[in-house]
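A.B. asks: Requesting a structural model of the entry that follows:
(2 chains)
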Amino acid sequence: MFKLEGKNVITLTVNGEKRDVAIEPADILLTVLRDQLGLTGAKPGCLNGDCGACTVLIDGWPVKSCLMLAAEAMGHQITTIEGLKNAPIQKAFVENWGFQCGYCTSGFLMVCHSLAAIHPDADEYVMEEWLQSNICRCTSYEEIRHAIRSIITSA
Amino acid sequence: MKTIGFDTLRKEAWDKVTGRAIYTGDEIKAGTLHARILISPHAHANIKSIDTSEALKVSGVKAVLTGQDCAVRIGSILEDRPPLAVGKVRHFGEPVALAVAFSERAAAEAVNKIKVEYVPLPEVFTPSEAVESTAPLVHENLSSYKKAVSDVYPEPNTNIAERVKIRKGDMAMGWAESEVIIEASFQLPKSDHIAMETRNAKAEILPDGEVIITTSSQAPFTVKKMISQYFNLEEGKVVVKTPLVGGGFGGKAAMTLEILAYLASKAVNGQAVKIAYTREEDIVSAPGSIGLEAKVKLGATKDGCLKAVEMTCLLDSGAYADIGPRMAKAIAVDCTGPYNVEHVCCDSLCVYTNRPYATSFRGFGHESYTFCMERSLDKLAQTLSMDPFDLRLKNAILPGSTTPTMVTSTTSNTGSLPACLERLKSLINWGEGSRIELGNGIVRAKGISSLWKTSDLPTDAISGALLTFNADGSINLSSGAVECGPGMKTTLAQILAETMKMDLSRIHVKLDVDTQVCPEHYKTVASMTTFMAGRAVQRAAEDLIRQLKSLGAVVLKCPPEDLDVAEEKVYQRHDPLKFIPFKDLVHGYQYPDGQSIEGQIMGRGSFIMSNLTTLNKDTGKGVAGPAWAVGAQAVEVEFDTKDFSYRLIHAATVIDAGKVLNPKTARGLITGGMCMGLGLATREAFEYGDQGEMLNTSLRTYKVMHIGQEPVYLVDFIETPQINAPFGARGLAEHGIIGIPAALANALSAAAQTELDQLPITPETIWQAKTGGKI
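C.D. replies: Okay, here's the model as predicted:
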């Protein structure tokens, strides 16, 4: 347990690098990543945990950064879309037309990337259960399904 | 062809999978102030007083504005909407006041401390109630509102903002020739666009009066014109910038937050102010889709030949007209669907109610009236004991028939509905039967719908393209069209590459729009970008080619007409080995002794709609759009007769695309439209409390389609060229949505053997229709 009051400088580990940020206790991780670190790949879509556009990985697991306080992320490995470098899922989304406007894409990519790492043999049911955390309004989901299927062996 | 007709990755594809694609809210600048709005908790109420004193005491607050601080009314058709309510509020969610502060949190705190006293007024919630003479008036001074266009006819002292009439043929004759007549009525709810990026905007005013607005808009040039007009600013002093847009679906074609951002900036001496709708505000305060109440009467001969169509459409435009009068027009223009009907009578009214106001939504009203018409056709087929497919095929519009507004159909302007229907028939295996009992109470059923749509844009809508050469011979392409998802900038690059006969990778597109440097594109709406901006690009390319040949003729010492261009070379047609590369011409040609001629070669292309007319006020006769795209759709379901639940099995679309420019992108647009149509058909609708308060204002309560809920999609294209369109391609970005709600309702009506005439269709609504709500 720790206690924060007023403005505090904390250190976050983002995409493998230590970054100092000045936060208030109520600051959510999403706004700190965007406003202070310029990592704008994670998007605000509802700030209510319903749409998944702000998804980042915490220790490899997808987390909606609008529902996590920046302070809670201390001591954890935070991965944002900017931290993916030639991940197979990025190419898979490009090759399968997995997006149109692109606004939800970072969030979907993070969920898919984590799914491929944690459940490399995920079946259709597991895949749907994971991806139902996110909303895409442009595609029919068919393309996203094809993209994740192309990197998960047995799905 | 080397580019057109091939799968082409969107130019910004890698930006979008790396988090590097920039949207309006991603441009974060220190020192930017934040604004938040206070919205009305009432559907209709007088504002007795507003006390902002406590709000102004909040630390970090710079200004608080109310309707008294901005004496303008805005609207692209009728100027009926104050940016902040004045005197009274007309819908739940209407902006009433705004606070500007150093932080969003302080602005939100200030907004919570604004005290407003309301005196509730009688509300009117449905368009059929609103057109009654005793209905409360949403706008008492309707006749005093300025019209932004000449052809709109609000009816004073009523709630009717517009009435569009179609009078084609002779209805008496039509009914006399009809051996079978069916009637039906429909009620469709309002819903929301739910673009994943909520609307947001920034404004600042520079010391010399220049206004810089950055906005997530489908219509930056409209924002520029409106801001300049309402605030009496020189048009060139208003600069509007639009980076990538996170989904529009018509919802970002209306000016909403931009004017509030401008007013907020003005209140703080021109400092940059940012304003973004929360998801809840984006649903309740920003405009959604229209609702529709419709009555349909169809007459036909015993063998299924449609003779007469009579329709009354009451569009629920909510508290403000916005583009509603034009949607009333669009519905009237295409009211019969793509069928040959000699006698047509349609009254399409845009009606004010105390619901949240509406704006354009993917399909521009077509998904609504198509539901009514195509459900009616299934009822007619049932009455006639005719196959619903045969009924549609028999009446399909053909070259030589006339549309409801008396436009003669041609192969070019309409394409081929029969070809779409026939292809759909095999795609969904219609021949196996439209209702099959699988045992254990499970029924598999199919429903179909035809569709068509034209553009309904202003008769003088313009677009332009500017091309500049880089020294290496590659081309920069600038257009005023906004990239909001359909990949239009890539389509334009394809059109340019094909016309110049060069490699697509050598075309560099400007993805964002800046009204100061990009040529105007009317609005990125109506599935018209490929047609309008594409034509402009073709013209600009021709302009480049003319200049390249002219300069090439000097260098190659031959007449320009002997030259052609390809592969970044100007070459002699009769002797292609005599050529000069673009790179030696495009930034001027230099002789060996150093002397140079001509400078950078630039191409300009301008386009304006041609041969469109306004509609005759009494008959509706006129040309509303350059062409139609027609199509046929089907949905297949598995229905459980025991508990009224159902599963989506297949959704299919065949569209006459004219020419498919980019197959994977075209398929994605069609399936995306189908997915949204299935959302409307199965779950999406605004829900209200007794006082008109909206109940489902978050994505947890307003549900859209999620992965795993989708059917298997089947898509195919017919290619009947639209002769005056780039490479023959018709607009199709909206069309996937249009017939899907109708097709689903037809499938489920067949499955459940009951008439499902409302949306959305849930197990509960089927149970109610089937049992009358009795347990």
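
A.B. asks: Which positions within stretch B:418-437 qualify as buried?
C.D. replies: By neighbour count, and taking 16 or more other CB atoms under 10 Å in any protein chain shown as the criterion, the buried residues in stretch B:418-437 are B:418-425, B:427-428, B:430, B:434. All C-beta spots, glycine's among them, are computed from the backbone N, C-alpha and C.

A.B. asks: any bit of that stretch sitting next to chain A?
C.D. replies: No: using CB under 8 Å from any CB of the partner chain, stretch B:418-437 never reaches chain A; the gap is at least 15.7 Å.

A.B. asks: Identify all contacting residues around that stretch.
C.D. replies: Applying CB atoms under 8 Å, 6 or more residues apart in numbering or on different chains, the external contacts of stretch B:418-437 come out as B:387-389, B:392-393, B:396, B:398, B:443-448, B:450, B:630-634, B:636, B:650, B:652-656, B:714, B:716, B:718, B:720, B:747, B:750-751.

A.B. asks: Next step: the residues you listed restricted to strands.
C.D. replies: By the criterion of DSSP state E, membership of the contacts of stretch B:418-437 in strands covers B:443-448, B:450, B:630-634, B:636, B:650, B:652-656, B:714, B:716, B:718.

A.B. asks: re earlier: return the members of the contacts of stretch B:418-437 classed as buried.
C.D. replies: Among those, the ones that count as buried by 16+ other CB under 10 Å are B:388-389, B:392-393, B:396, B:398, B:443-448, B:450, B:630-634, B:636, B:650, B:652-656, B:714, B:716, B:718, B:720, B:747, B:750-751.

A.B. asks: gap between the residue of the stretch 451-600 of chain B found nearest chain A and residue B:23?
C.D. replies: In the stretch 451-600 of chain B, no residue comes nearer to chain A than residue B:485, which is 3.4 Å away by CB to the nearest CB. Residue B:485 sits 11 Å away from residue B:23, going by CB to CB, to the nearest Å.

A.B. asks: Now do the shared contacts for the two.
C.D. replies: Residues touching both residue B:485 and residue B:23 by CB under 8 Å, 6+ apart: residue B:245.

A.B. asks: Next one: the helix ranked longest in chain B, is it in contact with chain A?
C.D. replies: The helix of greatest length in chain B, counted in residues with DSSP state H as the criterion, is given as helix B:529-556. No: remark: helix B:529-556 sits outside contact range of chain A, by CB under 8 Å from any CB, the gap being at least 13.7 Å.

A.B. asks: Please identify the buried residues of that helix?
C.D. replies: Along helix B:529-556, the positions that meet the burial threshold by neighbour count (16+ other CB under 10 Å) are B:529-541, B:543-545, B:547-549, B:551-553, B:556.

A.B. asks: buried set for the helix or strand hosting residue B:606?
C.D. replies: Here residue B:606 sits within strand B:602-608, counting by DSSP states H and E. Judged by neighbour count (16+ other CB under 10 Å), strand B:602-608 contains these buried residues: B:602-603, B:605-608.

A.B. asks: try stretch B:701-714
C.D. replies: Counting neighbours by 16+ other CB under 10 Å, stretch B:701-714 gives B:702-707, B:709-711, B:713-714 as buried.

A.B. asks: Switch those over to CSV; also include secondary structure and distance to chain A.
C.D. replies: Shown next, in CSV, are those (DSSP: H, G, I helix; E, B strand; the rest coil; distance: CB to the nearest CB, whole Å):
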residue, secondary structure, distance to chain A
B:702, coil, 9
B:703, coil, 9
B:704, coil, 6
B:705, coil, 7
B:706, coil, 5
B:707, coil, 4
B:709, coil, 8
B:710, coil, 5
B:711, coil, 9
B:713, strand, 5
B:714, strand, 11
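
A.B. asks: so who does residue B:367 touch?
C.D. replies: Residue B:367 is in contact with B:361, B:677, B:680, B:737-741, counting by CB under 8 Å, 6+ apart.

A.B. asks: Please repeat the previous calculation with a cut-off of 6 Å.
C.D. replies: B:737-738 (CB atoms under 6 Å, 6 or more residues apart in numbering or on different chains).

A.B. asks: Output the below-cut-off pLDDT ranges for chain A.
C.D. replies: With pLDDT under 70 as the threshold, chain A has low-confidence stretches at A:154-155.

A.B. asks: pull the longest helix from it.
C.D. replies: With residue count as the measure and DSSP H as the assignment, chain A has helix A:105-118 as its longest helix.

A.B. asks: Using the record's assignment, carve the chain into domains.
C.D. replies: This is for chain A. Taking automatic domain parsing as the domain assignment, the record places the domains of chain A at A:8-83, A:88-151.

A.B. asks: that's the wrong chain, I wanted chain B
C.D. replies: The domain map for chain B lists B:31-123+B:196-247+B:252-284, B:291-457+B:613-771, B:462-608, with the assignment taken from automatic domain parsing.

A.B. asks: Please name the nearest non-neighbouring residue to the residue of chain A found nearest chain B.
C.D. replies: The minimum distance from chain A to chain B, using CB to the nearest CB, falls at residue A:41 (2.2 Å). Leaving out its chain neighbours, the residue that sits closest to residue A:41 by CB to CB, 6 or more residues apart in numbering or on different chains is residue B:19, at 2.2 Å.
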